[in-house]
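J.: My questions are about this predicted structure, shown below with the sequence.
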Amino acid sequence: MPYDYVIVGGGTAGSVVANRLTEDPDTTVCLIEGGPSDVGDERVLKLRNWLNVLGGELDYDYPTVEQPYGNSHIRHARARVLGGCSSHNTLISFRPFAEDLADWEAAGAAGWDNATVQAYCDRIKCNIVPVARQDRNPVVKDWIEASAAATGAPVIDDFNAATSHGGGFSDGVGFLPVAYDPYTGYRSSASVAYLHPILGVRENLTLMTETWAAKLLLEDGRATGVEVVAPSGERRTVRADREVVLCAGAVDTPRLLLHSGVGPARDLRDVGVEVRHDLPGVGENLLDHPESIIMWETDPLPDTTVMDSDGALFVRRDTGDPRPDLMFHIYMVPFAENTERLGYPVPEHAICMTPNIPRSRARGKLWLTSADPSVKPALDFRYFTDRDDHDARTIVDGLKIAREIAATEPFKSALKREIAPGPGVTTDAGLSEFGRRAAHTVYHPAGTCRMGAEDDETAVVDPRLRVRGLSGLRVVDASVFPTLPTPNPMVTVLATGERAADLIRDDR
Ligand SMILES: Cc1cc2nc3c(=O)[nH]c(=O)nc-3n(C[C@H](O)[C@H](O)[C@H](O)COP(=O)(O)OP(=O)(O)OC[C@H]3O[C@@H](n4cnc5c(N)ncnc54)[C@H](O)[C@@H]3O)c2cc1C
């Protein structure tokens, strides 16, 4: 039996699209998810468990190729479970800034203007609230007070109110907006908000979990379905009468397109994949938010928290742009993965600040190294390769500002000693070297199936998210982003799913 729509990936965007399309009882949808269900799985549902999920059986765990200017050891977590990365991330939920969406429009994404996208953010079903009073750690409160004093940034009670109604903010510090239930500490992920209420209720939704989409079926330039590998190992065909919608994320959507013969013809021939449709942009424009770290040893800290990283600081150095150009997360645990490898001790109790680059200038690439679909694709983020050194300078500034905050009361008293990079590293060159070698990712890969104008041959999808040159095929996930929004991207992914559902319905 064919379905009207086959959605590949029951992740962040896929959950939204599946819910919205099945609101019409006459529309049938098959949702294909590579991982297991999250229903009843405390490992996933309890937000505070997020660190335990990284690198485990629910993580596809993608390595990067060697990064000559950065850290070659970064592992990119990608969730293998219903709800996708919204089921193992920290659910920090920032709306995009108006200028982020102006950047999208300038890149050819007509119709993705601020007013339109904010209206779709309004529809998001996840329970997005600032960290609740009872979850506010007193040391994070002190950090907020010290950050405001040291940087002059205002304390912001509700960051999203500023972006949705006030047009954005240039700097600010406060407790984060998080998609969770403050009464239980449970996630309000895309699957919890969009799928759990309709599973077993809407008969027009078929969910296949532990089912891997191996190849797209293409007939005369049209996507007609997907070849999948069922949990038994058996290969099956799932047919779509109307459209196949790819929501497998910024790594697995281009990976599936490439294995289906859709991508740069020369690259595909090099690895022995039959070219079905030459589309040079697939896998290009790999984006991320790189970050680094500074760590202090502390005494045991009060245990109150949502997920051990509950505050953020935004700073603006470039006065030519109204948006912040430096962001910090604070961790109440030793986030020592990269510092330990560099030989630093791992204290039992620690606070870390992780300065990140909101609009990194690095542009990377994803490509296949083998026609064997079980081989992971190569990811080259080209971290810290921008010619004018913008990215490395941002990290150096971030480490310096973090030290100023650490020297400011009432936060100062919570810190015993700086562990990494350590008080001996003071020059810009030394801070840059440490910052790049200890660099990490905020886990925000995007952009590998870039949306662009209809006549832009380097774009992968048009502004209605249709794959260029093929019919019956759309991409709806973080891979369509022309640029990353300034803050964490999940809300923008959810809003993309919301708008995509309308575009799909309109086109029907
Ligand atoms: C550890 C971590 C922390 C993060 N923290 C935050 C945060 O706090 N705030 C924020 O804004 N962003 C955060 N992010 C980023 C954010 O979660 C992602 O940008 C966003 O969820 C991506 O959504 P997506 O729909 O593009 O992909 P995903 O949510 O990854 O969905 C892809 C889905 O497709 C499935 N899939 C993939 N390939 C196949 C296939 N071939 N066949 C079948 N199924 C397949 C996967 O199993 C997955 O369920 C974090 C990410 C990580 C990994």
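T.: Received the coordinates, thanks.

J.: Check the chain for the residue nearest the ligand and tell me.
T.: The ligand sits closest to residue 11 of the chain, with a gap of 1.8 Å, by CB to the nearest ligand atom. C-betas here are computed from N, CA, C, even on glycine.

J.: okay, the residue nearest to that residue when sequence neighbours are not counted: pLDDT?
T.: Distances taken as CB to CB, 6 or more residues apart in numbering put residue 84 closest to residue 11, at 2.0 Å, once the chain neighbours are dropped. What the model reports for residue 84 is a pLDDT of 98.

J.: Backbone torsions only: list them for residue 84.
T.: phi 60, psi -140 (degrees, to the nearest 10).

J.: For it, which residues are in contact?
T.: 9-15, 190-191, 249 (CB atoms under 8 Å, 6 or more residues apart in numbering).

J.: Near the ligand, which residues of the stretch 301-450 of the chain? Just list them.
T.: By the rule CB under 6 Å from any ligand atom, the part of the stretch 301-450 of the chain lying against the ligand is 443-444.

J.: now the stretch 301-450 of the chain, which segments are flagged as low pLDDT?
T.: Counting by pLDDT under 70, the stretch 301-450 of the chain contains no low-confidence range.

J.: And the strands in it?
T.: Counting by DSSP state E, counting those that start in this stretch, the stretch 301-450 of the chain has strands at residues 311-315, 326-331, 350-356, 365-367, 378-380, 415-420, 440-441.

J.: partners of the second one, with directions?
T.: Going back to what we said before, that points to strand 326-331. Within its sheet, strand 326-331 is paired with strand 311-315 (antiparallel), strand 350-356 (antiparallel), according to DSSP bridges.

J.: Let me have these in CSV, adding mean neighbour count as columns.
T.: Below are these laid out as CSV (neighbours: other CB atoms under 10 Å):
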stretch, mean neighbour count
strand 311-315, 25
strand 350-356, 24
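
J.: need the ones you listed in CSV with distance to residue 77, can you?
T.: Below are the strands paired with strand 326-331 laid out as CSV (distance: least, CB to CB, whole Å):
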stretch, distance to residue 77
strand 311-315, 20
strand 350-356, 15
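
J.: which stretch among the ones you listed comes nearest residue 139?
T.: Closest approach to residue 139 among the strands paired with strand 326-331 (CB to CB): strand 350-356, 7.2 Å.

J.: in the chain, which residue is closest to the centre?
T.: The chain has residue 444 as the residue nearest its centroid, 3.4 Å off, counting by CA atoms, centre = their mean.

J.: quick one, what contacts residue 97?
T.: Residue 97 neighbours (CB under 8 Å, 6+ apart): 163, 168, 323, 485-487.

J.: Buried only: go through the residues you listed for me.
T.: Among the contacts of residue 97, those classed as buried by 16 or more other CB atoms under 10 Å are 163, 168, 323, 485-487.

J.: State the pair within the contacts of residue 84 that is farthest apart.
T.: 191 and 249 (14.1 Å).

J.: So these two - more neighbours on which side?
T.: Between residue 191 and residue 249, counted using other CB atoms under 10 Å, the more crowded position is residue 191 (29 against 26).

J.: Setting the sequence-adjacent residues aside, check what's closest to the more buried one.
T.: Closest to residue 191 by CB to CB, 6+ apart is residue 83, at 3.1 Å.

J.: Contacts only, for the one you found.
T.: For residue 83, the contact set (CB under 8 Å, 6+ apart) comprises 10-12, 15, 38, 44, 187, 189-192, 195.

J.: and it, how far is that from residue 177?
T.: 19 Å (CB to CB, to the nearest Å).

J.: Check whether the residue nearest to the centre of the chain really touches residue 484, as I assumed.
T.: Yes. With contact defined as CB atoms under 8 Å, residue 444 counts as touching residue 484 (6.2 Å).

J.: what is in contact with those two at once?
T.: By CB under 8 Å, 6+ apart, the residues touching both residue 444 and residue 484 are 287-289.

J.: From the contacts of residue 97, pick the one nearest residue 53.
T.: residue 487 (22.3 Å).

J.: Please name the residues that touch the residue nearest to that closest one when sequence neighbours are not counted.
T.: Of all residues not flanking residue 487 in the chain, residue 94 sits nearest, at 3.5 Å (CB to CB, 6+ apart). Residues counted as contacts of residue 94 (CB under 8 Å, 6+ apart) are 159-160, 163, 177, 485, 487-488, 491.

J.: let's go with 6 Å and repeat that
T.: Contact analysis of residue 94 by CB atoms under 6 Å, 6 or more residues apart in numbering lists 487-488, 491.

J.: From these, list the ones also adjacent to the ligand.
T.: Within the contacts of residue 94, those near the ligand by CB under 6 Å from any ligand atom are residue 488.

J.: Tell me which of the contacts of residue 94 fall in strands.
T.: With DSSP state E as the criterion, strands contain none of those.

J.: Dump the contacts of residue 94 into TSV; add pLDDT as well.
T.: TSV is the format used below for these (pLDDT from 0 to 100):
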residue	pLDDT
487	98
488	98
491	98
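
J.: So which of the contacts of residue 94 is the closest to residue 309?
T.: Nearest to residue 309 among these, with distances taken as CB to CB, is residue 488, at 11.0 Å.

J.: Show me where the stretch 351-500 of the chain has its helices.
T.: 390-406, 428-437, 490-507 (DSSP state H, counting those that start in this stretch).

J.: To clarify, my last question referred to the stretch 101-250 of the chain.
T.: Going by DSSP H, counting those that start in this stretch, the stretch 101-250 of the chain shows helices at 114-123, 138-151, 159-165, 190, 249-259.

J.: possible to save the ones you listed as CSV with mean pLDDT and distance to the ligand?
T.: Below are the helices of the stretch 101-250 of the chain laid out as CSV (pLDDT from 0 to 100; distance: least, CB to the nearest ligand atom, whole Å):
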stretch, mean pLDDT, distance to the ligand
helix 114-123, 96, 12
helix 138-151, 98, 16
helix 159-165, 88, 12
helix 190, 98, 7
helix 249-259, 98, 3
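
J.: Most tightly packed of those?
T.: Neighbour counts (mean count of other CB atoms under 10 Å) averaged over each of the helices of the stretch 101-250 of the chain peak at helix 190, with a mean of 32.
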